[in-house]
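*Asks:* Build me a structure from this.
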Amino acid sequence: MAEAEPYVLAIDAGTTGVRCRAVFQDDRPSIASYQEFTQYFPEPGWVEHDAEEIWRAVVDTFNDVVNQAGLPRAIGITNQRETVVAWNRRTGEVHGRAIVWQDRRTAQHCQDLDHAGHLATVRALTGLVLDPYFSGTKMSWMLQHGVPRSPDLALATIDTWLLWKLTDGAVFATDPSNASRTMLFDITTLTWSPTMSEILGVPIEYLAEVRPSSGRFGITATSELPLGIAISGIAGDQQAALFGQACFDN
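*Replies:* Next comes the predicted model:
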């Protein structure tokens, strides 16, 4: 492999498109490539994305930046957070479209959970409220509407989908900034919550391993991209923006 250039390649998989950007360690201006993807509105209040189309946008913009800037020293991923993808980790088959964070189809489910007295538990364990914005009820809806249950089923956010594709299926992981937006993550123990798993009917075995946001997640192993590049960080877009704007004390 050619010698890496002094930059990190940031993959920003947002709500309307993917942007890859080379952020140099020296004073060179950054280099970016952007590609939009399709928004689907199959019913009033429903919003969906094609996970494979998002991946294609990553491949295209990633390779565009590398062609201009050379190979990066590392890759970081940031993403729209609550959007859920379902796929089979053995075959790679995606089960339907991703349900986007804006989607409101599970509003009644959230009301039912509130009426059943679960709001206090949700707040105490996850720090969230009962709202279809978050991933948990989207995952529950998928399981109730045809997504096949199997030991190989993955229910995950966009960061995990992209990491899995980048590593050619070798790594199934997420970080706390994304996990904490699912309504399934215990923000005290920093682990998946068995209680929330039971309340929402989403088995923990379908969820990704939670790792620290900064660290070596794996290396690129797909033939669609340069091989062997370290994937060294994941953070949801809002949390990543805090660091991008230097909103920290030390």
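*Asks:* low-confidence ranges in this structure?
*Replies:* Counting by pLDDT under 70, the chain shows low-confidence ranges at 1, 250.
*Asks:* hey, where'd the helices end up in it?
*Replies:* 51-69, 107-115, 119-126, 135-144, 158-166, 176-179, 194-200, 237-244 (DSSP state H).
*Asks:* of the ones you listed, which approaches Ile231 most closely?
*Replies:* helix 158-166 (6.0 Å; C-beta to C-beta). Using the backbone N, CA and C atoms, a C-beta is placed for each residue, glycine as well.
*Asks:* Tabulate the helices of the chain (JSON lines), appending mean neighbour count.
*Replies:* Shown next, in JSON lines, are those (neighbours: other C-beta atoms under 10 Å):
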{"stretch": "helix 51-69", "mean neighbour count": "19"}
{"stretch": "helix 107-115", "mean neighbour count": "15"}
{"stretch": "helix 119-126", "mean neighbour count": "16"}
{"stretch": "helix 135-144", "mean neighbour count": "23"}
{"stretch": "helix 158-166", "mean neighbour count": "27"}
{"stretch": "helix 176-179", "mean neighbour count": "25"}
{"stretch": "helix 194-200", "mean neighbour count": "17"}
{"stretch": "helix 237-244", "mean neighbour count": "15"}
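*Asks:* got those as CSV, with distance to Asp26 columns?
*Replies:* Formatted as CSV, these follow (distance: least, C-beta to C-beta, whole Å):
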stretch, distance to Asp26
helix 51-69, 12
helix 107-115, 49
helix 119-126, 42
helix 135-144, 39
helix 158-166, 26
helix 176-179, 28
helix 194-200, 46
helix 237-244, 19
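*Asks:* Run a quick neighbour tally on Gly201.
*Replies:* 12 (other C-beta atoms under 10 Å).
*Asks:* returning to that earlier point: mind checking which of the helices of the chain is nearest Gly96?
*Replies:* Taking the helices of the chain one by one with C-beta to C-beta, helix 135-144 is closest: 7.3 Å.
*Asks:* The closest one - contacts with which helices or strands?
*Replies:* strand 84-88, strand 98-99, helix 107-115, strand 153-157, helix 194-200 (3 or more C-beta pairs under 8 Å, 6 or more residues apart in numbering; DSSP states H and E).
*Asks:* And the shortest one, what does it pack against?
*Replies:* In terms of contact count using 3+ C-beta pairs under 8 Å, 6+ apart, strand 98-99 is assigned the packing partners strand 48-49, strand 84-88, helix 135-144.
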